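*Asks:* turn this into a model:
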Amino acid sequence: MRHGHSNRTIIKTTELMENDILKCIETLKNGGTILYPTDTIWGIGCDATNEKAVKKVNALKNRKENKHYLISLDSPSELIFYLDELPPIALELINSYNKPLTIIYPKARNIAKNLIAPDGSIGIRVVKDEFCKELIHRFGSPIVSTSANLSGSPAPVSFPMIHESIVKNADYVVKYNQDRITGIKPSTIIKLTGKDEFVIIRE
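*Replies:* Residues are numbered from 1 along each chain as shown. Now for the predicted structure:
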């Protein structure tokens with residue numbers, strides 16, 4: 001579902017980027033999986049409101065279904081639509097971190113049930129990367145974001161590091177930024193434990 005934005009910066013897309021975004025949106029709407037460059041490392045994504053699509057991601061990663069993925073949003077203003085309550089500390093944290101930040105929130109809603117942990121929590125990252133922001137905004141719903149590796153294998157910092165089975169079996173593979181080698185590590189993870197309390201899970 002898409003909610004209104006204000007003061008949004010319009011991103012000028014290249015022809016390659018535009019084509020990838022359109023193909024990704026078509027794939028996501030059809031319940032498929034995408035292999036795409038995230039704001040950290042290469043990732044596998046799907047519609048975060050589609051339980052069957054989430055199962056496809058599990059199959060692609062050869063991962064057990066009792067583990068959970070984070071979801072990506074394009075704006076902090078979207079958070080409230082996927083949470084019962086938005087603690088004020090969350091916005092302070094998002095605004096204070098320059099590097100990619102995933103926050104684990106309590107009481108998720110309006111997303112696929114198999115993305116929600118047994119305690120009702122969900123990990124959400126508000127992305128700053130232009131490709132991801134534009135894709136999520138135009139798709140109109142949150143997108144799953146999980147590293148493009150087989151379960152138990154290292155996360156890929158470049159496209160050539162991705163296992164061939166993932167490249168072959170993803171429903172759409174983004175061409176944009178395939179030549180990028182990033183030194184960016186997976187995001188910092190913070191878990192909210194109260195209205196103004198949190199713990200750092202991964203720095």
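*Asks:* quick one: the helices in this structure, in order.
*Replies:* Remark: helices assigned in the chain by DSSP state H are 15-29, 51-61, 88-96, 130-139, 164-169.
*Asks:* quick one: the nearest residue to residue 84 once chain neighbours are set aside from residue 65, how far?
*Replies:* In space, not counting the residues next to it along the chain, residue 84 is nearest to residue 107; the distance is 3.8 Å by CB to CB, 6 or more residues apart in numbering. Every residue, glycine included, has its C-beta placed from N, CA and C. Here the criterion is CB to CB, to the nearest Å. By it, residue 107 lies 22 Å from residue 65.
*Asks:* equivalent analysis for residue 139, please.
*Replies:* To residue 65, residue 139 is 24 Å away according to CB to CB.
*Asks:* quick revisit: quick one, which of the helices of the chain is packed in tightest?
*Replies:* Highest mean neighbour count among these (mean count of other CB atoms under 10 Å): helix 130-139, with a mean of 21.
*Asks:* what stretches of the protein score poorly on pLDDT?
*Replies:* Within the chain, the set of residues satisfying pLDDT under 70 comprises 1-13, 66, 181-184.
*Asks:* now with 50?
*Replies:* Counting by pLDDT under 50, the chain has low-confidence residues at 4-7.
*Asks:* all strands for this protein, in order.
*Replies:* Counting by DSSP state E, the segments of the chain that form strands are 34-37, 42-45, 70-73, 101-105, 122-126, 143-147, 172-173, 188-194, 197-202.
*Asks:* who are the packing partners of the last one?
*Replies:* Read that as strand 197-202. With contacts taken as 3 or more CB pairs under 8 Å, 6 or more residues apart in numbering; DSSP states H and E, strand 197-202 sits against helix 88-96, strand 188-194.
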